[in-house]
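A.B. asks: pasting the sequence and the predicted model now:
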Amino acid sequence: MSTHEQNLEKYAELVVKIGVNVQPGQVLHVESPLEVADFTRQIVKKAYQAGAKYVEVHWSDDEITRARYEYASDDSFDYYPEWNATSMEQLAECGGALLNIKVPNPELFKGIDSSKVVRAGNAAAKARKKFSHYTRNNEISWCLVKAPTKAWADIVFADLPEEKRIDTMWETIFKMQRVDKENPVQAWQDHIEQLKTVSDKLNDKCYKRLHYRAPGTDLSVEMPEGHIWKSAGDKNTRGVYFVANMPTEEVYSMPHRLGVNGTVRSTMPLNMNGRIVDKFSLTFKEGRVVEYTAEVGQEHLDSLFATDEGAKYLGEIALVPHDSPISNLNRIFYNTGIDENASCHFAVGSAYPVNIENGQKMTQEELLVHGANVSLTHVDFMVGCAELDIDGEFEDGTREPVFIKGNWA
């Protein structure tokens, strides 16, 4: 067995044991691009070896996906099959787990009318609203992981000869997922404990506000009463620990939806499911985006903020030191699941109910009352850099540094 095959098997085992943490008798649903079939087959094997009762794989293909936006009738983009949404709800209700090998092609929708992409996304979000409740509240185990595709590797490693790009991407993913360690599972367990130590410290601090300062950024972010900082993973309603994002280097919470004021500037390109937005700035007043500009992809921001009223408010705040493993690779991956773990970031749209006391028991109306944002969308964007300073403000108005020059104070 080659070194690559050994690493592929170790990665699959890591995803099954640490990511979704498959339990005996459990059903696993896997969403995967056709291009990474070898990796997906390893995951299926490892899942059955872990005791899975049934593993279903739903394949995707960029050419098939794009064909819809090029040739389908206009009414296609407001349609989402109800039977698909229902099957995912049944997966959750039987205690199943979801694994998504999510690798959006940064140029998938180049030349496509952005409104079509938004309409299709909204139709899917509305149809899958009940299922999203299960994942956003961590009622089931779910996990997003990464694997190389040619379109993605060609953009990230455009500076390399074409024949080396996929292999280099695999090596990079193995490194950021700690697959290169002697015992990747133990390495991840140690990493989870380290992140938990940080989130525990932030919960002990109980800051009233965080103040961000960097080139183009001057932002005050109020934290709601009872906010909770989370990291790495969580337990589902059956008490099974899982890690929703692999890799992960963040600690995250929710801002008060009405307590964000000032301007923030992005520091990395944003890949919104195949639509690139870059060098953009958002200005907030009492939580709401009141002005925004982008040097690249302004029309995509227009579509994002037209999703619903909640899309104009922040739902997540996350802290990642500039001196961290993925950031130190010094490469933009055009994949939010990776880039957000190289940089402090925010998300516009829906908040995670797990980030506020008793949030999982609240209705949407109750979440809004307590300062949590509600929306059909959730889009992360990166704001971290080597010049970022963050101060924490206590209830009495006193402040202390949290980040200095991009890293923990």
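C.D. replies: The structure has been received and is ready for your questions. Residues are numbered from 1 along each chain as shown.

A.B. asks: and the residue nearest in space to the middle of the chain, what pLDDT?
C.D. replies: Nearest residue to the geometric centre of the chain (Cα atoms, centre = their mean): residue 337, 4.7 Å. Note for residue 337: predicted pLDDT of 91.

A.B. asks: hey, what's the closest residue to it other than its chain neighbours bridged with?
C.D. replies: Excluding the flanking residues, the one nearest residue 337 by Cβ to Cβ, 6 or more residues apart in numbering is residue 144, at 5.5 Å. All C-beta atoms are positioned from the backbone trio N, CA, C, and that covers glycine. Assessed by DSSP bridges, residue 144 has beta-bridge partners residue 100, residue 245.

A.B. asks: isn't residue 144 up against residue 100?
C.D. replies: Yes: Residue 144 is within contact range of residue 100, at 5.1 Å (criterion: Cβ atoms under 8 Å).

A.B. asks: what segments of the stretch 1-150 of the chain are helices?
C.D. replies: 3-14, 37-49, 62-71, 82-93, 114-127, 129-136, 150-156 (DSSP state H, counting those that start in this stretch).

A.B. asks: show residues contacting the longest one.
C.D. replies: For helix 114-127, the external contacting residues (Cβ atoms under 8 Å, 6 or more residues apart in numbering) are 68-69, 76-82, 84-85, 109, 132, 273-275, 299-300, 302-304, 306-307, 376-377.

A.B. asks: please identify which of the helices of the stretch 1-150 of the chain is closest to residue 29.
C.D. replies: helix 82-93 (5.3 Å; Cβ to Cβ).

A.B. asks: in the closest one, what counts as buried?
C.D. replies: Within helix 82-93, the residues that count as buried by 16 or more other Cβ atoms under 10 Å are 85, 88-89, 91-92.

A.B. asks: and those residues as CSV, adding pLDDT?
C.D. replies: Listed next are the buried residues of helix 82-93 as CSV, based on pLDDT from 0 to 100:
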residue, pLDDT
85, 96
88, 97
89, 97
91, 97
92, 96
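
A.B. asks: and residue 389, how many neighbours?
C.D. replies: 16 (other Cβ atoms under 10 Å).

A.B. asks: list the beta-bridge partners for it.
C.D. replies: Assigned bridge partners for residue 389, using DSSP bridges, are residue 213.

A.B. asks: that one and residue 213 touch, don't they?
C.D. replies: Yes: between residue 389 and residue 213 there is a contact at 4.8 Å, judged by Cβ under 8 Å.

A.B. asks: end to end, how far does stretch 349-360 reach?
C.D. replies: 17 Å (Cα to Cα, to the nearest Å).

A.B. asks: quick one: mean pLDDT for the helix ranked longest in the chain?
C.D. replies: Ranked by residue count and defined by DSSP state H, the top helix of the chain is helix 184-205. If you average the pLDDT over helix 184-205, you get 96.

A.B. asks: can you check stretch 313-332 too?
C.D. replies: 95.

A.B. asks: now do it: distance to the chain's middle.
C.D. replies: 12 Å (Cα atoms, centre = their mean, to the nearest Å).

A.B. asks: which intervals of the stretch 1-150 of the chain have sub-threshold pLDDT?
C.D. replies: Nowhere does the stretch 1-150 of the chain drop to pLDDT under 70.

A.B. asks: I'd like the next helix or strand past the host helix or strand of residue 277.
C.D. replies: According to DSSP states H and E, residue 277 maps onto strand 276-285. Next along the chain after strand 276-285, taking DSSP H and E as the criterion, comes strand 288-296.

A.B. asks: ok, and what's touching the helix or strand following that following strand?
C.D. replies: Going down the chain from strand 288-296, the next helix or strand is helix 298-305, by DSSP H and E. Contact partners of helix 298-305, identified using Cβ under 8 Å, 6+ apart, comprise 114-115, 117-118, 272, 275-277, 280, 289, 292, 294, 311-312, 348, 377, 379.

A.B. asks: for the very next helix or strand once past helix 298-305, name the packing helices and strands.
C.D. replies: Heading C-terminal from helix 298-305, the first helix or strand you meet, by DSSP H and E, is strand 314-319. Applying 3 or more Cβ pairs under 8 Å, 6 or more residues apart in numbering; DSSP states H and E, we find strand 314-319 packed against strand 251-253, strand 345-349, strand 378-382.

A.B. asks: which strands and helices sit next to the shortest one?
C.D. replies: Counting contacts by 3+ Cβ pairs under 8 Å, 6+ apart, the secondary-structure elements packed against strand 251-253 are helix 184-205, strand 230-231, strand 314-319.

A.B. asks: now render those as TSV, adding distance to residue 38 and mean neighbour count.
C.D. replies: Output for the helices and strands packed on strand 251-253, formatted as TSV (distance: least, Cβ to Cβ, whole Å; neighbours: other Cβ atoms under 10 Å):
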stretch	distance to residue 38	mean neighbour count
helix 184-205	18	15
strand 230-231	31	24
strand 314-319	32	25
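
A.B. asks: quick one on the thing from earlier: of the contacts of helix 114-127, keep whichever come out buried.
C.D. replies: 69, 77, 80, 85, 109, 132, 273-275, 300, 303-304, 307, 376-377.

A.B. asks: farthest-separated two in the residues you listed?
C.D. replies: 85 and 300 (25.4 Å).

A.B. asks: count the residues that sit near the residue nearest to residue 306 when sequence neighbours are not counted.
C.D. replies: Distances taken as Cβ to Cβ, 6+ apart place residue 118 nearest to residue 306, at 7.1 Å, with adjacent residues excluded. For residue 118, the count of nearby residues is 21 (other Cβ under 10 Å).
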